[in-house]
Structure formats: structure tokens, C-alpha cells
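Sharing a sequence plus its predicted fold:
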Amino acid sequence: MTAIKHALQRDIFTPNDERLLSIVNVCKAGKKKKNCFLCATVTTERPVQVKVVKVKKSDKGDFYKRQIAWALRDLAVVDAKDAIKENPEFDLHFEKIYKWVASSTAEKNAFISCIWKLNQRYLRKKIDFVNVSSQLLEELPKVAEESVPSGENQSVTGGDEESVDEYQELNAREEQDIEIMMEGCEYAISNAEAFAEKLSRELQVLDGANIQSIMASEKQVNILMKLLDEALKEVDQIELKLSSYEEMLQSVKEQMDQISESNHLIHLSNTNNVKLLSEIEFLVNHMDLAKGHVKALQEGDLASSRGIEACTNAADALLQCMNVALRPGHDMLLAVRQQQQRFGDLREYFARRLANHLNNVFVQQGHDQSSTLAQHSAELTLPNHHPFHRDLLRYAKLMEWLKSTDYGKYEGLTKNYMDYLSRLYEREIKDFFEVAKIKMTGTTKESKKFATLPRKESAVKQETESLHGSSGKLTGSTSSLNKLSVQSSGNRRSQSSSLLDMGNMSASDLDVADRTKFDKIFEQVLSELEPLCLAEQDFISKFFKLQQHQSMPGTMTEAEDLDGVTPSRQHNPGTPLPVSSERDMIRQMMIKIFRCIEPDLNSLIALGDKIDSFNSLYMLVKMSHHVWTAENVDPASFLSTTLGNVLVTVKRNFDKCISNQIRQMEEVKISKKSKVGILPFVAEFEEFAGLAESIFKNAERRGDLDKAYTKLIRGVFVNVEKVAHESQKTPRDVVMMENFHHIFATLSRLKISCLEAEKKEAKLKYTDHLQSYVIYSLGQPLEKLNHFFEGVEARVAQGIREEEVSYQLAFNKQELRKVIKEYPGKEVKKGLDNLYKKVDKHLCEEENLLQVVWHLMQDEFIRQYKHFEGLIARCYPGSGITMEFTIQDILDYCSSIAQSH
């Protein structure tokens with residue numbers, strides 16, 4: 001076993017800087033006995049790594065190879081199977097359980113002992129030893145010495161872990177010295193025991209020499225001891241002197257302690273006096289309100305600017321006195337409690353004075369503002385509230401003081417302001433919208449006639465009286481206008497109809513000037529409302545000290561309470577609101593103050609749509625622009641939310657207008673007695689597109705118009721084809737050709753980018769039907785000649801050679817001359833003249849396609865002529881047969897016919 005250990009150390013572990021400590025010959029339990037070795041090793045370099053290595057002897061030689069190595073820290077349990085009886089079996093629990101059978105119990109015990117020592121030294125007892133007697137672990141080295149050869153035990157087990165750790169290999173010099181010593185003895189290798197005895201004798205000789213050398217130095221040692229005794233005596237004398245000095249210093253120390261204690265008491269007294277003075281100065285400086293401030297709070301003039309400034313300064317001083325941070329124990333002083341009570345009474349008194357005064361200011365300003373309404377009643381402008389806001393903003397700091405000191409009164413003032421202002425704004429806005437409606441319908445307050453609307457005299461008079469009342473003033477409701485529109489329409493359609501109706505309107509049609517007038521009125525309405533709302537919202541934020549201009553989560557829904565119930569009703573009075581609640585409060589106040597704006601705007605929009613359905617285009621563009629502007633300022637403001645809701649209504653009206661136009665296209669009926677010409681909805685689409693392009697130029701909601709274009713043009717295409725199929729008086733190709741030419745011309749002129757595909761489609765349909773119409777019409781002037789040459793082509797197609805066609809009985813030269821004689825120049829000109837008249841009868845004048853069609857017919861006729869001449873030359877060669885008219889004759893005929901008409 002010793003030879004194996006040395007071989008393993010040399011061949012396997014030394015190259016890897018490892019040292020072999022223990023080895024055991026094992027085989028796996030329950031299998032064929034394939035022996036291998038388990039080795040416990042440590043590395044020679046720090047930090048030390050401890051491993052269990054499995055080594056197997058090669059089958060092809062006497063060398064060993066390393067199979068697998070486990071780190072000792074991965075070993076969880078060592079199971080010796082039986083702690084009492086000798087048993088060579090044992091288990092090692094790594095990532096799985098490995099079962100081994102040792103060649104002898106002694107080797108097993110020596111290996112387990114080595115593992116236990118390594119565990120004690122390097123792993124701090126992390127491994128569990130099962131079925132191993134503790135007594136066995138303690139006595140195991142002795143047992144191993146008795147059962148294992150001495151050389152193996154000394155080299156493998158090595159005693160305790162200190163000897164294992166202290167073992168070092170010989171360096172090069174030591175090896176050289178040993179080699180020299182062995183070379184000096186002839187039997188150093190052949191008789192190791194004799195060599196060892198020789199070395200032992202030499203060692204004893206050296207030890208004796210060392211002892212003699214020590215004994216020879218005894219005299220020097222005695223001299224040294226004597227010197228030490230003298231030194232000790234000197235030390236004793238020094239210690240006596242130090243003791244006397246210490247006694248003298250002790251009395252001085254006691255005196256100094258007394259002086260120090262006296263100074264400490266004096267310093268403590270001074271410190272207490274300074275602190276007391278500091279506390280008294282703090283209370284006097286921070287809790288004393290000047291008499292001037294007290295007088296201002298009790299009697300100050302809240303109407304003048306100087307009085308407001310004095311009250312503001314006094315209120316700030318009072319707030320600082322009340323909010324002073326008292327130190328611990330101050331609130332137990334009677335004077336402090338009395339001063340706090342005085343401040344509280346003074347705050348309550350001034351808050352009541354301020355609230356009463358501001359309520360009176362609200363009422364007075366409301367009355368003053370109402371007196372100016374008469375001045376604006378005839379003009380489309382809203383009264384300016386800037387003077388009112390300017391006067392109230394003088395109290396902004398006092399409102400901030402009231403908000404922080406008495407939130408209940410602040411909340412009451414807020415509610416009163418909303419109540420007074422909502423009534424005032426409701427009157428102003430109602431009169432403002434009345435004026436706007438009057439200007440839209442073209443009436444005046446004194447007039448009782450709708451001068452610009454067609455009507456029956458008696459019906460108009462009755463409706464005007466019911467609409468205006470005794471004062472001749474519009475009520476704002478559109479119900480009377482609805483009745484008027486129905487009763488006064490006569491034989492025409494309602495003014496709120498689609499584009500198809502506009503072609504049938506007479507005196508009531510609104511021209512471009514009327515639409516521009518409506519656009520200006522609607523723009524003026526929005527331009528007046530926008531600064532009014534923004535100014536009021538800015539004033540509310542400044543006066544009531546509420547934060548705004550921050551994005552708010554979500555917007556108001558239709559189901560939200562519009563009664564002006566502010567979020568503070570669920571808030572404890574006197575407690576400031578969070579920022580989000582303050583923004584909600586601004587929005588709630590604006591909704592309560594301007595609750596009439598959205599209904600009045602919707603009413604005005606309904607009236608504009610009823611006057612002219614095209615007005616929805618103007619309203620969509622204007623409303624979109626104002627919504628975009630408002631959202632850039634504050635996307636969650638009252639103005640942005642309200643205009644956004646109204647924009648939904650405008651967009652719905654616009655979509656409804658487009659749907660009505662498409663429905664009217666589908667319901668169109670054409671006359672069976674007259675030619676079709678340009679269909680009404682085609683002409684009206686041109687009018688709509690031209691107007692829409694001028695309105696939506698640089699508009700924000702161009703996408704809505706593009707979608708409407710797509711729906712309308714599809715409806716136009718489908719219904720043009722439908723009418724063309726149903727037409728009896730005018731050929732289908734003419735209806736398609738003229739209308740798609742008109743559509744193509746319209747789209748080319750307007751250059752609508754989203755309809756490029758439809759423009760190409762319209763051009764293709766126009767070209768196809770123009771060609772079809774020309775070919776169909778040209779079959780009539782030379783009908784017999786056409787039939788003759790069609791028969792010739794049919795014979796050639798059946799396989800007859802072209803030069804042999806003349807031998808066919810029905811197509812010989814005599815038959816050809818007979819057919820040609822039927823179409824002399826005079827007859828051809830007559831046929832062309834009849835064709836021109838028929839084409840002129842089919843085509844409409846407004847599209848002016850007659851010359852285009854006639855020119856194409858001329859070209860097609862010449863092409864047929866050349867085709868006939870070619871057939872004659874190929875099928876009747878050398879016959880000398882020619883047509884009785886030439887190409888120049890055809891050109892002259894066509895030119896003279898066109899000039900004569």
C-alpha cells in the first residue's frame with residue numbers, strides 16, 4: 001500500500017500541486033469487484049482546497065488515472081454502517097449517495113479518521129458522521145498504528161492535523177546535502193538501519209558538545225545575575241520617591257476639584273438665566289401683535305386700497321402670531337393661553353367682517369354689470385368683466401388668508417360668488433346668443449318679418465309673431481323656426497336638406513356671401529366666448545388661490561353633478577385641499593358659472609344647420625380650430641372640455657349631412673322625356689368640393705373631410721352607373737361619358753390628394769365610354785358596306801385565302817361594286833350629317849363634348865375607310881375597284897357639317 005501511495009503521489013498529485021493524506025482500496029457495493037482507490041488530498045498552495053479523488057488503475061498497463069474528484073465541502077454525510085461491529089462498507093453522501101466496500105476495516109477506519117480531521121480543521125464540523133463511534137474517532141490513530149504498517153501510518157495518517165499541515169517537501173539544497181551524506185557512507189542504501197544508527201550516534205555526539213558549551217558559560221551567567229540584582233535595588237528607590245510625590249499631588253487634586261465644582265455651579269446658574277431670557281424674548285417677539293394691526297383688523301376700511309393693504313398686512317401678522325411654533329411647555333403658561341384666545345377671537349371677528357364685505361361686493365358688482373347689458377343688446381359682443389375682476393383681485397391676499405384660517409367662510413364665499421355670477425352670465429350669454437340668432441336669420445329685434453326667407457305672407461306674419469312675441473325678440477328656441485321652415489317652403493324642399501336639394505332652391509338659396517356671413521358670425525361667437533371663459537378661469541384661480549394649468553386625470557362626464565357642489569363638501573373645514581382637488585374645484589366652479597354655454601351653443605349649431613346644411617362645414621372647421629387652441633392652453637380646462645363636447649355635436653351633424661346627401665343620390669329620379677345631361681348630384685358634388693376646399697384650407701380636421709369625400713365620390717360613381725342603366729332617352733355611354741368627364745374635370749381642377757385614385761378611375765371610365773359610343777355610332781352611316789366587309793373577314797377567318805374571296809358568289813366583284821355604288825359622296829355626307837344631328841341630340845350643351853366626339857368619329861371613320869381600302873387591295877387585287885369618295889372628301893364633309901351647325 002505504501003508503494004501505491006508513493007506512486008500516486010508522484011504520478012497524479014504532485015503535478016497538480018496536491019498532497020496525498022490518506023488512501024483506501026474500495027469497490028462499489030453490489031457489483032463486480034472493480035477495485036479503485038479513494039484518496040484524501042489537500043493543495044500545497046493557500047487557500048487550501050480539500051478533495052476526495054477517485055483513482056483507477058488502467059486496464060492496459062500499470063499506470064493510474066484520475067477519474068473524478070469531489071470537493072470535501074460538498075460531502076454532507078459519512079455513514080460507516082455500524083458503529084459497534086467491524087464492517088468494511090461505508091457510504092459517502094455527495095450530490096448523490098456513493099456506496100463503497102473497503103478492502104479492510106482498518107483502511108476504512110483510517111480513511112474516515114482522516115476525513116474527520118480534515119473536517120475539524122478546514123470545514124468547522126460541517127460533515128455529519130453517522131454510525132461512527134466517537135470513542136473510535138478519538139482512539140482511531142492508535143488502532144491504525146497497530147493494524148497498519150508503521151511507515152504507512154506515519155506517512156498517511158500523519159498524527160494530528162498540525163503535523164499534516166506542518167509537513168513540507170525537501171528543497172533542492174536539503175536534497176543535495178542528503179545525497180552528499182549518503183555518498184559518504186557505502187551502506188546508506190544497502191543497509192538503511194545501519195545508516196540510521198550511524199546518524200543517531202553522530203547526533204548524540206553533537207548534543208553532548210552543545211551541553212558542554214552551555215556549561216562553560218556559567219561564569220558569565222553569574223555576572224549577569226548580579227547586575228540584575230543591583231538594578232532591582234535602584235528600581236525600589238525610585239518607587240519610594242514616586243510615592244512621596246504622589247501624596248503631595250493628591251492634596252493639590254482635592255483643592256482643584258473643589259474649585260471646579262464651584263465654577264460648574266456658577267456656569268449652570270448663568271446658563272439657566274440666559275435660557276429663561278431667551279424664552280421670554282421668543283414669546284414677546286413672536287406672540288405680540290401691534291396695536292395698529294389690531295385696529296386695522298377691527299376697524300380697517302375694506303373699500304379703499306390703503307385700507308385693504310393695511311388689513312392684509314395685519315392679517316398676515318396675525319397669522320404669523322397664531323402659527324408660531326411653540327416650544328415644549330409654552331402652552332402651559334397662562335399668558336400664552338390668554339394671548340392665543342385673543343388671537344382666535346380677533347381672527348373670527350375679521351373673517352366675519354371680510355366675508356360680509358365681499359358678499360356685498362359680489363352683489364353690487366352683479367347689479368352694476370347688469371346695468372351695462374342694454375348697451376350690448378344690439379351688438380354681437382359680450383360685456384367686459386375686467387374692471388370687476390381688477391377690483392376683486394385687490395382682495396386676493398385676504399382670500400388666501402381666509403382660505404388658510406377659516407375654510408368654512410372661504411367655502412361660503414365661493415358658493416355665493418358662483419350663485420351671483422352664474423345668474424349674471426346666464427343673462428349676458430342668453431342675450432348674446434339671441435343677437436347671434438337674429439343676425440343669422442337676417443331679422444332685427446324691431447322687425448316682424450323674415451325678409452330673406454321665402455314665405456307665404458299670412459304664414460310668415462303668424463310665425464313671426466309667435467317667434468318674436470310683442471317685443472319682436474327671438475326666444476332662442478328653434479321650434480318656431482322649424483314650423484316656419486316647413487310652412488314657408490311651398491313647393492321646394494326644406495332648407496336643411498342635402499346637396500341635392502340646393503339645385504331646386506330658388507329665392508331662399510344662400511349664396512357665398514350669406515355663407516361667409518354665417519361663418520363670420522359663428523367665428524365671432526366663439527371668439528367672444530373663448531376670452532370670456534379664459535379670463536374668468538384665470539380670475540378664479542388668482543382670486544380664490546386655486547392651482548390650474550396642470551393636466552388633470554380624466555375629464556368631466558355628462559353624468560357629473562352640475563349643481564356646483566364643490567369637492568370641499570367632503571373635506572374638513574379649515575384643511576387645505578390637495579392640488580388635484582383644487583383643479584377639480586376650478587372646473588366645478590366654471591361648470592356652475594357657465595352652465596348655459598353648452599346648451600346655447602348646441603341650439604345655435606342646430607339653427608345654423610337648419611338654415612343651410614353647408615354650415616356644418618364652417619362650424620366643423622371653426623370649432624376644431626378653437627378646440628385645438630384651447631387644448632394647447634390647458635387640455636383639461638372647462639373651455640377645452642365644453643368645446644370638445646360641442647365639437648362632437650358638430651361632427652355628428654356633418655356626418656348626418658353626408659349621409660343625407662348619399663341617400664338623396666340613391667333616391668334621384670330622371671325624366672324619361674328629356675336627355676339626362678349632367679346629373680344634379682354630380683354638379684352638386686362639384687359645388688360641395690369647391691366650397692369644402694376653400695373652407696378646409698389649412699384646417700386641423702382635414703381627415704374628416706377626406707373620409708366624407710371618399711363616401712360621397714363612391715356614392716356618385718355608383719349612382720351615375722345606376723342612372724345610366726335606367727336611362728331610356730339618352731344612351732348609357734353618353735350618360736357615363738359626360739358625367740365622368742365632368743367628375744374628372746372637377747377633381748383635376750381642385751387637386752384633392754385623397755381622390756387621386758378616383759380621378760384616374762373617372763378618366764378611365766370617361767375614355768372607355770367615349771370610345772364605345774363613337775364605335776357604336778359609326779356603325780350606321782355605311783351600314784351595308786360594314787356588313788359586306790364583315791362577311792369578307794368572316795370568310796378569311798374560316799380559312800379562305802384573301803385573293804380567292806372574290807370567287808365567292810356573295811362576295812364577288814360585282815357584289816362589291818353594287819354595294820359601293822350605294823354610297824356615293826353625297827350619300828356619305830348625308831349619313832354623316834344625320835349622325836352629327838343625332839350626336840348633338842344626345843349630348844348636353846354644358847359639358848361641350850360635341851366637337852371632341854365629332855373629331856373622334858372623324859378619326860374612326862377614316863380608320864374604317866383605310867381598313868376597307870386595305871381589304872379591297874388584298875381580296876380584289878387588280879380589279880381597279882375603289883370607293884366613290886376619298887379621305888379628303890371625308891375631312892371636307894366633317895368640316896362643313898361642323899361649321900353648318
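Yes, it's here.

For the closest residue in space to Leu72 that isn't next to it in sequence, give its distance to Arg121.
What sits nearest to Leu72 in space, not counting adjacent residues and going by Cβ to Cβ, 6 or more residues apart in numbering, is Val50, at 4.0 Å. In this view, the C-beta of every residue, glycine as well, is placed from N, C-alpha and C. Taking Cβ to Cβ, to the nearest Å as the criterion, Val50 is separated from Arg121 by 9 Å.

Please identify the helix or strand for Phe432.
Of the helices and strands defined by DSSP states H and E, Phe432 is found in helix 407-441.

re the thing from before, my read: the residue nearest to Leu72 touches Ala40, true?
Yes. When contacts are counted by Cβ atoms under 8 Å, Val50 is listed as touching Ala40 (7.5 Å).

isn't His93 right up against Ala76?
Yes. In this structure, His93 is within contact of Ala76 by Cβ under 8 Å, at 4.6 Å.

hmm, back to that, which one's more surrounded, Val50 and Arg121?
Val50 (20 against 17; other Cβ atoms under 10 Å).

Phi first, then psi, for the more buried one.
The main-chain torsion angles of Val50 are listed as degrees, to the nearest 10 and equal phi -100, psi 130.

Asp91 too?
Its backbone dihedrals place Asp91 at phi -120, psi 140, with angles given as degrees, to the nearest 10.

And His93 and Ala76? Which one has more around it.
Neighbours around His93 and Ala76, counted as other Cβ under 10 Å, are more numerous at His93. The numbers are 16 against 13.

give the contact list for the residue nearest to Lys99 when sequence neighbours are not counted.
In space, Lys99 comes closest to Ala29 once its chain neighbours are excluded; the distance is 4.1 Å by Cβ to Cβ, 6+ apart. Ala29 sits next to Glu89, Lys99, Trp100, Val101 when contact means Cβ atoms under 8 Å, 6 or more residues apart in numbering.

Distance of Leu118 relative to Ala71?
Distance, Leu118 to Ala71, using Cβ to Cβ: 12 Å.

which residues are common contacts for the two?
Val50.

isn't Val839 right next to Leu856, touching?
No. Look at Val839 against Leu856 with Cβ under 8 Å: they stay out of range, at 10.4 Å.

Just give the number of residues close to His855.
When neighbours are defined as other Cβ under 10 Å, His855 has 13 of them.

which SS state does it fall under?
helix (DSSP: H, G, I helix; E, B strand; the rest coil).

Please report the distance of it from Cys894.
Taking Cβ to Cβ as the criterion, His855 is separated from Cys894 by 8 Å.

Ok, Leu421 next?
In this structure, Leu421 lies at 82 Å from Cys894, with Cβ to Cβ as the measure.

Need the contact partners of stretch 810-818.
Stretch 810-818 is touched from outside by Phe788, Gly791, Val792, Arg795, Val805, Ser806, Ile872, Cys875, Tyr876, Ser879, Ile881, with contacts defined as Cβ under 8 Å, 6+ apart.

mind exporting stretch 671-685 as CSV, just the C-alpha atoms?
Coordinates of the C-alpha atoms in stretch 671-685 are reproduced here as CSV (Å, rounded to 0.1, in the frame of the first residue of the first chain):
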residue,chain,number,x,y,z
SER,A,671,-87.1,62.3,-66.6
LYS,A,672,-88.0,59.8,-69.3
LYS,A,673,-88.8,62.5,-71.9
SER,A,674,-85.7,64.7,-71.9
LYS,A,675,-82.0,63.9,-72.2
VAL,A,676,-80.1,63.3,-69.0
GLY,A,677,-77.0,65.5,-69.3
ILE,A,678,-75.0,66.3,-66.2
LEU,A,679,-76.8,64.7,-63.2
PRO,A,680,-77.7,67.1,-60.4
PHE,A,681,-75.7,65.3,-57.7
VAL,A,682,-72.6,65.4,-60.0
ALA,A,683,-72.9,69.2,-60.3
GLU,A,684,-73.7,69.5,-56.6
PHE,A,685,-70.6,67.4,-55.7
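
Can you give the contact residues for it?
Stretch 671-685 is contacted by residues 499-500, 502-503, 661, 664-665, 668, 670, 712-713, 715-716, 719-720, 723-724, 727-730, 734-735, 738-739, 742-743, 746, 841-842, 844, 846-847 when judged by Cβ under 8 Å, 6+ apart.

circling back to that earlier point, check the contact lists of Val50 and Ala40 and give me the overlap.
Residues touching both Val50 and Ala40 (Cβ under 8 Å, 6+ apart) are Leu72, Leu118.

Assign a three-state SS to Lys60, would you?
Under three-state DSSP, Lys60 comes out as coil.

One more: Phe90?
The three-state label given to Phe90 by three-state DSSP is strand.

who does the longest strand seen in the chain touch, helix- and strand-wise?
When secondary structure is assigned using DSSP state E, the longest strand within the chain turns out to be strand 18-28. The contact analysis (3 or more Cβ pairs under 8 Å, 6 or more residues apart in numbering; DSSP states H and E) places strand 18-28 against helix 2-8, strand 36-43, strand 97-102, helix 105-118, helix 150-156.

Tell me where the model's unsure across the stretch 401-550 of the chain.
With pLDDT under 70 as the threshold, the stretch 401-550 of the chain has low-confidence stretches at 443-512, 548-550.

quick one: the helices in it?
With DSSP state H, counting those that start in this stretch applied, the stretch 401-550 of the chain shows helices at 407-441, 457-468, 479-487, 499-502, 512-543, listed in chain order.

okay if I get these as CSV plus mean neighbour count and distance to Leu679?
Below are the helices of the stretch 401-550 of the chain laid out as CSV (neighbours: other Cβ atoms under 10 Å; distance: least, Cβ to Cβ, whole Å):
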stretch, mean neighbour count, distance to Leu679
helix 407-441, 19, 32
helix 457-468, 16, 34
helix 479-487, 16, 27
helix 499-502, 22, 10
helix 512-543, 17, 23
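
do you know which of the ones you listed lies nearest Ser900?
Each of those was checked against Ser900 via Cβ to Cβ, and the shortest separation belongs to helix 499-502, namely 39.0 Å.

Pipe the contacts of stretch 810-818 into TSV and attach pLDDT and distance to Ile280 per row.
Supplementary listing: those in TSV, determined by pLDDT from 0 to 100; distance: Cβ to Cβ, whole Å:
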residue	pLDDT	distance to Ile280
Phe788	86	137
Gly791	87	136
Val792	86	136
Arg795	87	138
Val805	80	140
Ser806	80	145
Ile872	85	138
Cys875	86	139
Tyr876	84	142
Ser879	80	145
Ile881	82	143
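
follow-up on the earlier one: just the buried residues of the contacts of Ala29.
Neighbour-count burial (16 or more other Cβ atoms under 10 Å) is assigned, among these, to Glu89, Trp100, Val101.

for these, which one is nearest Ala708?
Nearest to Ala708 out of these is Trp100 (Cβ to Cβ; 90.8 Å).

How much space separates Ala535 from Asn698?
From Ala535 over to Asn698 the distance is 28 Å, taken as Cβ to Cβ.

Is the closest residue to Glu89 other than its chain neighbours in a helix, a strand, or coil?
Nearest-residue entry for Glu89: Lys81, 4.8 Å, with adjacent residues in sequence omitted and distances by Cβ to Cβ, 6+ apart. Classification of Lys81 by three-state DSSP places it in coil.
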